[in-house]
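Colleague: predicted model and sequence follow; I will ask about them next.
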Amino acid sequence: MGQKILVTGGTGYIGSHTVVELQQAGYEVVIIDNLSNSNDGVLDGIEAITGIRPAFVEGDCTDIETLRRLFADHKGIKGIINFAASKAVGESVQKPLLYYRNNLNTLINLLELMPEYGVEGIVFSSSCTVYGEPDRNPIDETAPIKPATSPYGNTKQISEEIITDYVASGAPIKSIILRYFNPIGAHSSALIGELPNGVPNNLVPYLTQTAAGIRKELTVFGDDYDTPDGSCIRDYIDVVDLAKAHVTAMKRMLSETGTDSIEVFNLGTGRGLSVLELISAFESATDVKVPLRIGPRRAGDIEKIWAAPAKANETLGWKAMVPIKETMRNAWAWQCRISGK
Ligand code: NAD
Ligand code: UD1
């Protein structure tokens, strides 16, 4: 067996895809998840893909005693990937304390226990939301951090600062902070994917649900932006590409030589796509037409942002590979599976 890794939030969207890639790379995985935004059926999907059922603890990372028991029961954990967090931007505006408590207490508990249980490093899920509306694109890791526009975004900024301060204090740990751009798609097996709760806020689940007839039409939030076709631009990254970056980050962090105690990487493709371009990539990849209308701008939206991923490409030896049409086909296959089409 390879090194033992704790994946918090491992039955969630990005977590489940990362567990698959970790297991396929030979790591032994322990998942903790409180199932607040996922279900344990995901473990069947992971097992069907990899032939290995990861160890699973149903529990809440904000409860430090639960984590203590986990580390005592699963001795020898070398690294952590911390996905566990609440992530709905709108909800975070309504319930800020829930977001600060869940996202920050989870991180603080993990950091506090790491030296006690000999855990060497933690990979943290951050977001390009820390850059706000960039002054220029593509954006690299040296770009300024802008004031957060939501409590959710603020938890990511504060989390990065907590990790930085803790490492600077001389704590015997390493950390890699990964700033994701827009993760989309599903595993090519259609055995795991994104399970949105209620009406999706994000573009791709809304799009696939509309294509499946669950939603009447997709609203494009604004076509009067300062972009070539007037719709907003993002850097959409395939979730399996994203998952693989965690494996390379873990390998680097746990290696003996050559890594700083704390490193930050942008994870994106380096290519910006507009909302209208993404919809047309979906339609041409799947031959399914998506009913749409142009609506007003969504409050708080960023006009355009895409990554300069050179640091991750060069330092981690990782690159986003999956073509957008394949990502769209996988997203559609997953949607068809969960909606029984
Ligand atoms: P997700 O909701 O699918 O997964 C998070 C998982 O964590 C869920 O299974 C949930 O049940 C679990 N969880 C939440 N709080 C917990 C707690 N206190 N204890 C134990 N389990 C808990 O979300 P995701 O899209 O997979 O996101 C994973 C991480 O990546 C999050 O930290 C998120 O903020 C970050 N991120 C996501 C995106 C995105 O677009 N999906 C973009 C940037 C950053
Ligand atoms: C949002 C969050 C961001 C979070 C990310 C991933 C906001 C302001 N930002 O980013 O903090 O990290 O999700 O969870 O909420 N769109 C439509 N119609 C729709 C849905 C979306 O046109 O029905 C457009 C949006 O205007 C945007 C693009 O699609 O231009 C992508 O939207 P979305 O998937 O919500 O992601 P972000 O806004 O980039």
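Modeller: Perfect, I can see it now. Values in this document were obtained by computation on a predicted structure and should not be read as measured data. Ligands and ions are numbered 1, 2, ... in the order given.
Colleague: all strands for the chain, in order.
Modeller: All strands of the chain, identified by DSSP state E, fall at 4-8, 28-33, 55-58, 77-82, 121-127, 174-180, 182-184, 218-221, 233-234, 236-238, 262-267, 273-274, 292-295.
Colleague: if you look at the third one, does any of it touch ligand 1?
Modeller: No. For a cut-off given as C-beta under 6 Å from any ligand atom, strand 55-58 has no contacts with ligand 1; the smallest distance is 8.7 Å. Every residue, glycine included, has its C-beta placed from N, CA and C.
Colleague: that strand pairs with which strands?
Modeller: Sheet pairing of strand 55-58 (DSSP bridges) gives strand 28-33 (parallel).
Colleague: now the angle from the partner strand to strand 4-8?
Modeller: 20 degrees (axes from the mean of the first three to the mean of the last three C-alpha atoms, to 10 degrees).
Colleague: please save the CA atoms from strand 28-33 in CSV.
Modeller: Provided in CSV are the C-alpha atoms of strand 28-33 (Å, rounded to 0.1, in the frame of the first residue of the first chain):
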residue,chain,number,x,y,z
GLU,A,28,-4.4,4.6,0.4
VAL,A,29,-7.4,6.9,1.1
VAL,A,30,-9.5,7.7,4.2
ILE,A,31,-12.5,9.9,3.6
ILE,A,32,-14.3,12.0,6.2
ASP,A,33,-17.6,13.6,5.1
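Colleague: related to what we said a few turns ago, select, out of the strands of the chain, the one closest to residue 313.
Modeller: Smallest distance to residue 313 across those (C-beta to C-beta): 9.5 Å, for strand 262-267.
Colleague: name the nearest residue to residue 119, ignoring sequence neighbours.
Modeller: Counting by C-beta to C-beta, 6 or more residues apart in numbering, residue 77 is the residue found nearest to residue 119 once chain neighbours are left out, at 5.4 Å.
Colleague: what's the answer for residue 39, then?
Modeller: Nearest non-adjacent residue to residue 39 (C-beta to C-beta, 6+ apart): residue 11, at 7.0 Å.
Colleague: contacting residues for that neighbour?
Modeller: 31, 33, 35, 38, 39, 40, 42, 43, 56 (C-beta atoms under 8 Å, 6 or more residues apart in numbering).
Colleague: just those residues now: which is nearest residue 200?
Modeller: For these, the nearest to residue 200 is residue 38 (15.1 Å; C-beta to C-beta).
Colleague: residues contacting residue 261?
Modeller: 167, 173, 174, 175.
Colleague: farthest-separated two in the contacts of residue 11?
Modeller: Maximum distance among those (C-beta to C-beta): 12.7 Å, for 31 and 39.
Colleague: for ligand 1, see how far away the nearest residue in space to residue 268 that is not next to it in sequence is.
Modeller: Leaving aside its sequence neighbours, residue 268 sits nearest to residue 307 (C-beta to C-beta, 6+ apart; 2.7 Å). Noted for residue 307: a distance of 12 Å to ligand 1, by C-beta to the nearest ligand atom, to the nearest Å.
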